[in-house]
Structures are given as C-alpha cells and as structure tokens.
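J.: model this:
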Amino acid sequence: MDRRDILIRIGWLLALGAWSGPAMADDNDDDDDDDDDDHDDDEDDDHDYDDDEEGALRAFQAEEAISLREMIKIFRSEIDGEIIDIALFKRRVQLHYRFLYINENGRVASVVYLAATGQRVEN
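T.: Sure, this is the predicted structure:
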C-alpha cells in the first residue's frame, strides 16, 4: 500500500467519522430511524442519509451513489493529481463526492462530482 492509498483511506475514514457524529447519539427510541417514536418508517422512499456512518453504504446499495472505487477511476481519468481527501456529502437533495488533491502546480485543489452519476459539477 503506497502513501496515496493510505491518504485515501484516512480521508474516507474521516469523512465517515464526520457523518457519524449525530448518529452516535441515543435518541431514546428502539428503531433505526431518526425520529422519537418506537417504529421504523420503512415507507419512506427518499432515503435520507442524515449524518450516519452507514449512509455511504446505504447510498451505494440504494443505487444513489456509485462506488468509491469507480469514483476514483473517474477522477483519475479526468485529473492528474494526488488525492489527499475524499468526502461524501449531501447538498440539497443530492449526494456528492468532493476530492481534495494536489494539482500539477503543487497546490491543493478540489473537484465535486454527483455521487449518483460521477458527473463533474461546479464547486
């Protein structure tokens, strides 16, 4: 495992850790949803990934995000730079991947992609 792979893994773990903050708090109910009742809201089809560490996995399983491995392939096909961090985040109603990288001039830059399609979007 080279330095870049280690940095990617650390960045991914940090991104998942940032998502896990509120999810780690006990909401005193016995179901897996974020409300204060004791029943699951399984009829909800919009897949709200509010700050939980399993959000990235659920997004992939629900086909709302392409895999991180595929996203890295897309990034590398478009950009010549060393990845230093990757974050999965929600903007409005869509999930996005943000890559921080060192560009060919040695500066830190970022690029954002739609997680569902891998399409590049404005920062």
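
J.: in the sheet, who's paired with the nearest residue to Arg120 once chain neighbours are set aside?
T.: Leaving aside its sequence neighbours, Arg120 sits nearest to Tyr113 (Cβ to Cβ, 6 or more residues apart in numbering; 5.5 Å). From N, CA and C alone the C-beta is placed, and that goes for glycine too. In this entry, Tyr113 is beta-bridged to Tyr97, Arg120, by DSSP bridges.

J.: Tyr113 touches Ser77, doesn't it?
T.: No: using Cβ atoms under 8 Å, Tyr113 makes no contact with Ser77, being 11.7 Å away.

J.: more neighbours, these two?
T.: Tyr113 (20 against 8; other Cβ atoms under 10 Å).

J.: quick one: that one from Tyr101, how far?
T.: With distances taken as Cβ to Cβ, to the nearest Å, Tyr113 is found 12 Å from Tyr101.

J.: give the residues shared as contacts by the two.
T.: Residues touching both Tyr113 and Tyr101 (Cβ atoms under 8 Å, 6 or more residues apart in numbering) are Phe75.

J.: any stretches of this structure with poor pLDDT?
T.: 1-57, 60-62, 123 (pLDDT under 70).

J.: what ranges does it have for its strands?
T.: Here the chain has its strands, by DSSP state E, at 82-91, 94-102, 108-114, 120-121.

J.: wait, which of those strands is closest to Ala65?
T.: strand 94-102 (5.2 Å; Cβ to Cβ).

J.: other residues contacting the closest one?
T.: Contacts of strand 94-102 (Cβ under 8 Å, 6+ apart): 11, 49, 59, 64-65, 68, 71, 75, 79, 81-90, 108-116, 121.

J.: swap in 6 Å and give it another go.
T.: The contact list for strand 94-102 (Cβ atoms under 6 Å, 6 or more residues apart in numbering) reads 59, 65, 71, 75, 81-89, 109-113, 115.

J.: quick check on these: which are buried?
T.: The neighbour count (16 or more other Cβ atoms under 10 Å) marks 59, 65, 71, 75, 81, 83-89, 111-113, 115 as buried among those.
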